[in-house]
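Asker: just a sequence and a predicted model for now, questions to come.
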Amino acid sequence: MNALTRRGLSLATAAVLLTAVAACSEDANTPPAEVPGVTAGEIVVGTHMPLTGPAAAGYSEIAPASKAYFDYVNANGGVHGRKITYKFMDDGYNPANTQTVVRKLVLEDKVFAVLNGLGTPTHTGVLDFLKTNRVPDLFVASGSRSWNQPDKYPGTFGFNTDYTVEGKILATHIKATYTGKKVCFMGQDDDFGRDSLVGVEQVLGAGAVVAKEKYVTSNQNVAPQIGALKAAGCEVVVLATVPGFTALSMGTAARLGFKPQWVVSNVGSDYLTLSKVLGEGKVLLEGMVGISNLPSPVDMSDPWTAAFKKIHDQYNGSAPFNGNTVYGMSVAYLFVQSLQAAGKDLTREGLIAAVEKGGFKGPGLAPFRYSKDNHSGMGGGKLTKVTAGNQEFFGPVYETDSAAGPVNEFKEERPAPPTNTIPAAA
Amino acid sequence: MNMVKGFLDRSTLLRHLVFAVLAGVVLFLLTQQLDPFRNFQLATVAAYLCATAGLTLLVGMNGQLSLGHGALMAVGAYTVALSQNALADRGITGNQVLPLSLALGVLVTMVAGAVIGLAAARLRGPYLAGVTLAVAVAVPAATVTFDEIFNSEQGLSVAVEPPPLSLGLYFPNERWQAWVALTGALLTMLLLANLVRSRVGRNLRAVRDDEVAARLSGIHVGRTQVLAFVVSAASAGLGGGLMALLAQSVSPGAFSLTLSLFLLMAVVIGGLGSLSGAVWGAVLLVALPDLTHDSAQWVSLSPAVAQRLEGNLPLAVFGLTLIVVMIAAPGGVQGLLRRIGARVRRRAPAR
């Protein structure tokens, strides 16, 4: 027997033996014992965010703001004695990267929950993975209605006002204020744009939107779409666009000498973010109508804004204080609220049950709708308008549902923030 | 025993089969030991390996350049996605439909490969690169144009069944994914290794080295080139299909021009001369971004700088690696290993 064959044979024998041993191992049938990401002194949570790439403008500031709030909570003793570690990873707004990044967070870093994963196309891809691994998927940063499927995705909850609700509220305003004007629509070619259009048409009627255009983030040229809107004689244009594309659309329209009334979805209407992108061109934002469900970042008379600004200055000072910062802190506040409600014995099931029980109140202007059979986020918002370089709220807070329900005024007052801006234990 | 060895020496297919089975056993044991995330990475390596092996055959053995293999992966991925979803809609589910979807993915990609291959066989050098580059750009654009079918940039989610219940209730999904992907990769490697050793493989290399000489010795150059493209496309299609299963979603962003360039860089770094180079390439594609992410965490940077680096560092490192490898080891990783091996053997006392 020569050396090569002998070596091959011994290798094969060893392999067969090892296979037999492996087949006998029990690991496939024993459930894991402890709660991942939770120890006596720590809770590890993670998220995926576009820190680079086409959607990074503005959005890259959200996760650091949430982290700043957690740092503040940790410095004040944490939640039930546990400090929150927030790991955010860049997916560049590319769904393929999101896959890897979220797997790394869940499988390697063993996070307890995924918090505020950003983006409709990106997050859609990880829904099944998070479900299979029973990871709570809290407060997704997008208004797609996909997050509200409690039967299919029991652990997933939205945060934003969904795009259809937003569309309905914006359209109600258009119906009342711009009667008889030609209304057009331009939206992102995914759930974002489509859901928004559904809401707009729900209120205005199916034939009322004269021209409908769509764009994709990989193509930075929106001149054909804007040209078509101009040619259709649009007087009011509803934009369901991310900030970069709100700016792009307005800039392109200005170049084409097209000056409609802009009515913009929540995600794409933060004045501070847009004016940073537009620079000198920020005069184009004058008169823009938007919608928001969170306090204004410039209105320091709002007690929540003032409280968040204080935390921001101490823990996130180098970053700008804008709508994204307020957003990130509000999400973090809601998460701490849910942790408080889930109690000392923290489990994934307990946390989900606590969120489903609902009743959370905080900086948000509109109510959260969380219940056992509703996993959508906030149910409304308040309109904003840019006047003389200031984005100001006007009118009442509206709320409605994602279906055919009426658009109502929401009259309930927000509570003032707790003295230390940390929600009390339930 | 000598008889067995003699038999193995004579029959290429049998020798490769024995290798594949041994590799399969070793990998099977490896999946038992690895934690889920490493298994997922292993599965990703396997999916990339299909594509890089096909590309090595095309570029390394046949001398045709392709900048569009990412797009061919997309063709396979979308076919698998559409087929899995169509079957699920008709209530046909279960893991036994997986091979069907994958086979369909390979088939459709082969057709696409044949079409591109026909054009490619008429073109040389930069013109060929241009055509394949156009493919890399056109396929993602098609998903936007025909958004009713492909759902634009948001892409499609892929209906994938969890691991078979016979494996146990808590069987890690990632280990199952690794098994599926590794089976595909081993099959690809086995078939390609045989092809390379056969008459067809010799024809491929003859065409690469000198087209006129090849034609003089009776080889149909055009046919050989189209064949190389079709085989290479089939491998890429399988790789793409496996990626779709792993990610449970497909979107144009996952198969951008960057991926095509990465694949080419990977096979060049791995070593174009042999299929083993494709293995190194596939490993690098998965390991480099991961390593750069981890090493960026060791160095404490200001949050702003860290944020900038997070997405861009892997790109930079990949480019840098390519440059270093090209200078230090023009034959790629595999070429370097072979040189080291040869030196060690020369130094070792003769037995």
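Answerer: Cool, the structure landed.
Asker: and the contacts of stretch B:281-300?
Answerer: Outside of stretch B:281-300, the residues within contact range by Cβ atoms under 8 Å, 6 or more residues apart in numbering or on different chains are A:89, A:100, A:104, B:41, B:44-46, B:48-49, B:51-53, B:56, B:262-263, B:266-271, B:306, B:309-310, B:313-314, B:317-318, B:321, B:333. The C-beta positions use only the backbone N, C-alpha and C, and glycine is treated the same way.
Asker: so which of those are in helices?
Answerer: A:100, B:41, B:44-46, B:48-49, B:51-53, B:262-263, B:266-270, B:306, B:309-310, B:313-314, B:317-318, B:321, B:333 (DSSP state H).
Asker: what about the residue of the stretch 201-350 of chain A found nearest chain B, neighbour count?
Answerer: Ranking the residues of the stretch 201-350 of chain A by distance to chain B (Cβ to the nearest Cβ) places A:V216 first, at 4.9 Å. Neighbour count for A:V216, taken as other Cβ atoms under 10 Å in any protein chain shown: 23.
Asker: please identify the buried residues of stretch B:275-295?
Answerer: For stretch B:275-295, a neighbour-count test (16 or more other Cβ atoms under 10 Å in any protein chain shown) marks B:275-286, B:288-289, B:292-293 as buried.
Asker: now do stretch B:314-322
Answerer: So for stretch B:314-322, counting by 16+ other Cβ under 10 Å, buried means B:314-315, B:317-318, B:321-322.
Asker: C-alpha coordinates for the longest strand seen in chain A, CSV please?
Answerer: Identified as the longest strand of chain A according to DSSP state E is strand A:390-399. Only the C-alpha atoms of strand A:390-399 are listed here, as CSV (Å, rounded to 0.1, in the frame of the first residue of the first chain):
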residue,chain,number,x,y,z
ASN,A,390,-39.0,78.6,9.2
GLN,A,391,-40.9,75.3,9.2
GLU,A,392,-43.9,75.8,11.4
PHE,A,393,-46.8,73.6,12.4
PHE,A,394,-50.3,74.7,11.5
GLY,A,395,-53.8,73.3,12.0
PRO,A,396,-54.8,70.5,14.3
VAL,A,397,-53.3,67.0,14.6
TYR,A,398,-55.1,64.6,12.3
GLU,A,399,-55.5,60.9,12.7
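Asker: what about the helix or strand following that strand, distance to the chain center?
Answerer: Counting by DSSP states H and E, the next helix or strand C-terminal to strand A:390-399 is strand A:408-409. Counting by Cα atoms, centre = their mean, to the nearest Å, strand A:408-409 is centred 24 Å from the centre of its parent chain.
Asker: can you list the helices and strands that strand A:408-409 packs against?
Answerer: Applying 3 or more Cβ pairs under 8 Å, 6 or more residues apart in numbering or on different chains; DSSP states H and E, one finds that strand A:408-409 contacts strand A:390-399.
Asker: same for the strand it packs on, what does it pack against?
Answerer: Strand A:390-399 packs on helix A:163-177, helix A:271-278, strand A:380-387, strand A:408-409, going by 3+ Cβ pairs under 8 Å, 6+ apart.
Asker: partner strands of that strand, with direction?
Answerer: strand A:380-387 (antiparallel), strand A:408-409 (antiparallel) (DSSP bridges).
Asker: okay, now residue 138: neighbour count?
Answerer: Here I'm looking at chain A. 26.
Asker: wait, chain B was what I had in mind.
Answerer: For B:A138, the tally of surrounding residues (other Cβ under 10 Å) stands at 12.
Asker: ok, now A:V236?
Answerer: There are 21 residues near A:V236, going by other Cβ under 10 Å.
Asker: got a list of what it touches?
Answerer: A:V236 neighbours (Cβ under 8 Å, 6+ apart): A:174, A:178, A:181-184, A:260-261, A:263.
Asker: same question, B:A266
Answerer: B:48, B:52, B:281-282, B:284-285.
Asker: distance from the chain centre to stretch B:44-52, please.
Answerer: Distance, centroid of stretch B:44-52 to centroid of chain: 4 Å (Cα atoms, centre = their mean).
Asker: pLDDT on it, on average?
Answerer: For stretch B:44-52, mean pLDDT rounds to 97.
Asker: related to what we said a few turns ago, which one, of the strands paired with strand A:390-399, ends up nearest to B:L192?
Answerer: strand A:380-387 (57.1 Å; Cβ to Cβ).
Asker: next, the angle from that closest one to helix A:163-177.
Answerer: Strand A:380-387 runs at 50 degrees relative to helix A:163-177, counting by axes from the mean of the first three to the mean of the last three Cα atoms, to 10 degrees.
Asker: buried residues, strand A:380-387. List them.
Answerer: A:380-386.
Asker: return the residues in contact with the residue nearest the centre of chain B.
Answerer: The C-alpha lying nearest the average C-alpha coordinate of chain B belongs to B:A51 (Cα atoms, centre = their mean; 2.0 Å). Going by Cβ under 8 Å, 6+ apart, B:A51 touches B:69, B:72-73, B:235-236, B:239-240, B:263, B:282.
Asker: closest to A:S402 among those?
Answerer: Closest to A:S402, out of all of the contacts of B:A51 and judged by Cβ to Cβ, is B:G240, at 35.4 Å.
Asker: isn't the closest one up against B:A77?
Answerer: Yes. Contact criterion Cβ atoms under 8 Å: B:G240 and B:A77 qualify, at 3.9 Å.
Asker: between those two, what contacts are shared?
Answerer: Common neighbours of B:G240 and B:A77 (Cβ under 8 Å, 6+ apart) are B:105, B:255.
Asker: got the phi and psi for A:Q188?
Answerer: phi -70, psi 140 (degrees, to the nearest 10).
Asker: what pairs with it across the strands?
Answerer: Counting by DSSP bridges, A:Q188 is bridged to A:Y215.
Asker: in helices only, show me the contacts of B:A51.
Answerer: B:69, B:72-73, B:235-236, B:239-240, B:263, B:282.
Asker: about what we covered before: can you tell me which two in the contacts of B:A51 are farthest apart?
Answerer: Most distant of the contacts of B:A51, by Cβ to Cβ, are B:L72 and B:A282, 15.7 Å apart.
Asker: quick revisit: now the buried residues of stretch B:314-322 in CSV, with distance to A:T85 and pLDDT?
Answerer: Listed next are those as CSV, based on distance: Cβ to Cβ, whole Å; pLDDT from 0 to 100:
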residue, distance to A:T85, pLDDT
B:P314, 24, 71
B:L315, 28, 73
B:V317, 27, 79
B:F318, 30, 79
B:T321, 32, 84
B:L322, 36, 83
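Asker: closest one of the buried residues of strand A:380-387 to chain B?
Answerer: Once Cβ to the nearest Cβ is applied, the member of those that ends up nearest chain B is A:G381, at 23.8 Å.
Asker: flag every residue of the stretch 51-200 of chain A that's near chain B.
Answerer: Within the stretch 51-200 of chain A, the positions adjacent to chain B are A:51-53, A:60, A:64, A:89-90, A:92-96, A:99-100, A:103-104, A:107-108, A:120-121, A:124-125, A:127-129, A:132-133, A:189-191 by Cβ under 8 Å from any Cβ of the partner chain.
Asker: buried subset of the residues you listed?
Answerer: When those are checked for burial by 16+ other Cβ under 10 Å, the buried set is A:51-53, A:60, A:64, A:89-90, A:92-96, A:99-100, A:103-104, A:107, A:120-121, A:124-125, A:127-129, A:133, A:189-191.
Asker: on that earlier part again, check contacts around the residue of the stretch 201-350 of chain A closest to chain B.
Answerer: A:188-189, B:144, B:152-153.
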